[in-house]
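J.: A structural model of the following input is requested.
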Amino acid sequence: MTTYIVRRLLLMVPTMLGITVVCFFICQFVPGGPVEQYISRTRAYSSAHGASLKSIPPEEIENIKAYYGFDKPMGERYFIWLGRLLRFNLGESFVYHMPVWNVILSKMPISLFFGLTSFILSYAISIPLGVWKAVKHHSIFDFVSSGLVFAGYIIPSYALGILLIIYLAGGSYFNIFPMSGIVSDGFEYLSTWGKIVDFLHHLCLPMICYMIGEFAFLTQLMKNSLLDELNKEYVRTALVKGVSFRGAVWKHAFRNALIPLATGSADLFTIMFAGSLFVERVFDIDGMGLLFYNSMQGRDYNVVLGLIVLTSILTMLGRLFADLLYVVFDPRIRLA
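T.: Here you go, the predicted model:
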């Protein structure tokens, strides 16, 4: 086990290096970077104040490039950036004019909350529901719930968000929930209980959109996995020996049925980056997904690269964690 973990951690180094090389050079070739944006803003400012700035002196352009660190060859810029990265320095945001770490940390709490809550709720609801559907296979409950589950799996989260706003948030029909944001105006003046109620009130609709796809997938996966285990020889043997059906389900089949769900545990490491961009835009939630989109749109390369690096590292650690969970659920598995 220790050898396997060490080998996987060592393999992450070249993998991470390859990711940084590809992403860094792609970002450098994207037009409209900070130098071009600065020049465009300078010309727009001059035009707004009655001056006509047709061209900027070459020495001034060189000063602008030096300010943003674009005065060096691309390869040298990569190794400078990589050296900072190895010192846990993600650089400074061109848009926010503050360290990238501070920018990410400012958006992380709300994304972490939504990600962790949706992760817990998805597993807490889908596992017992999947078990119940497997036990009641081919019943009316199974058919009706399967229809709802498949509908939740098919419909895009942002489309569901728009429908919820139209029907439940004052769009055209009922005005039960807030349309956007995570708190109301004057939130700071509410009592402690009032703040909790207000936050949960804003939480309902976006949380449904966050978890609907994962919930539907996990429910169906749990059902099919348990059905597969119930049809195996060891369960039939337990029933022949006098074990009740309930005992066969919970004492024998249930633990083995959880093994396929262990792969989803890898998302636990990236839950703060798992927020849907479209859901955040629909409900005006300023989280990590919206930060990545705005950084891409604003060519804020340091923020984009910082988010990619963090997501990549956490994803690889999550995959390792999921593999280790396989051994916990089934000690017969040996990791080589």
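J.: any idea how far stretch 142-155 is from the chain center?
T.: 23 Å (CA atoms, centre = their mean, to the nearest Å).
J.: same question, stretch 26-36
T.: Taking mean C-alpha positions (CA atoms, centre = their mean), stretch 26-36 and its chain are 26 Å apart.
J.: for that stretch, measure first residue to last.
T.: End-to-end span of stretch 26-36 (CA to CA, to the nearest Å): 17 Å.
J.: V282: neighbouring residues, count only.
T.: 22 (other CB atoms under 10 Å). In this view, the C-beta of every residue, glycine as well, is placed from N, C-alpha and C.
J.: ok, it - contacts?
T.: 158, 161-162, 165, 206, 209 (CB atoms under 8 Å, 6 or more residues apart in numbering).
J.: Y123: which of those is nearest?
T.: Y123 has its nearest neighbour among the contacts of V282 in C209, at 17.6 Å by CB to CB.
J.: hang on, that closest one packs against S157?
T.: Yes: shown here, C209 and S157 form a contact pair, counting by CB atoms under 8 Å, at 4.4 Å.
J.: who has more neighbours, the two?
T.: The neighbour comparison of C209 against S157 (other CB under 10 Å) goes to C209, with 26 against 20.
J.: mind listing what's buried along the helix or strand encompassing the more buried one?
T.: C209 is located in helix 192-230, with elements delineated by DSSP states H and E. Using 16 or more other CB atoms under 10 Å as the test for burial, helix 192-230 gives 198, 202-203, 205-223, 225-227, 229-230.
J.: can you list the domains in this structure?
T.: Structural domains of the chain, as assigned by automatic domain parsing, span the residue ranges 32-73, 108-284.
J.: out of those, nearest to I80?
T.: Comparing the domains of the chain by CB to CB, domain 32-73 comes nearest, at 7.3 Å.
J.: end to end on the closest one, go ahead and measure it.
T.: 18 Å.
J.: buried set for stretch 164-184?
T.: Result for stretch 164-184 [16+ other CB under 10 Å]: buried residues 164-165, 168-169, 177-179, 182.
J.: meant to ask about stretch 287-302
T.: So for stretch 287-302, counting by 16+ other CB under 10 Å, buried means 287-292, 294-295, 298-302.
J.: quick one, helices of this protein?
T.: Along the chain, the segments classed as helices by DSSP state H run 2-29, 34-48, 58-68, 74-86, 100-135, 140-154, 157-168, 192-230, 233-240, 245-247, 254-257, 277-282, 288-297, 301-329.
J.: okay, those in TSV with mean pLDDT and distance to F94 next?
T.: Shown next, in TSV, are the helices of the chain (pLDDT from 0 to 100; distance: least, CB to CB, whole Å):
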stretch	mean pLDDT	distance to F94
helix 2-29	87	12
helix 34-48	68	4
helix 58-68	76	7
helix 74-86	89	13
helix 100-135	88	10
helix 140-154	87	39
helix 157-168	87	28
helix 192-230	88	29
helix 233-240	87	60
helix 245-247	86	61
helix 254-257	86	50
helix 277-282	81	21
helix 288-297	85	9
helix 301-329	84	7
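J.: now distance to E92 too, for the ones you listed, in CSV please.
T.: Below are the helices of the chain laid out as CSV (distance: least, CB to CB, whole Å):
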stretch, distance to E92
helix 2-29, 15
helix 34-48, 11
helix 58-68, 10
helix 74-86, 10
helix 100-135, 7
helix 140-154, 42
helix 157-168, 32
helix 192-230, 31
helix 233-240, 59
helix 245-247, 60
helix 254-257, 49
helix 277-282, 24
helix 288-297, 13
helix 301-329, 6
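J.: from F321, how far out is the residue lying closest to K65 once chain neighbours are set aside?
T.: Closest residue to K65 apart from its sequence neighbours, by CB to CB, 6 or more residues apart in numbering: D71 at 4.4 Å. For D71, the distance to F321 (CB to CB, to the nearest Å) stands at 42 Å.
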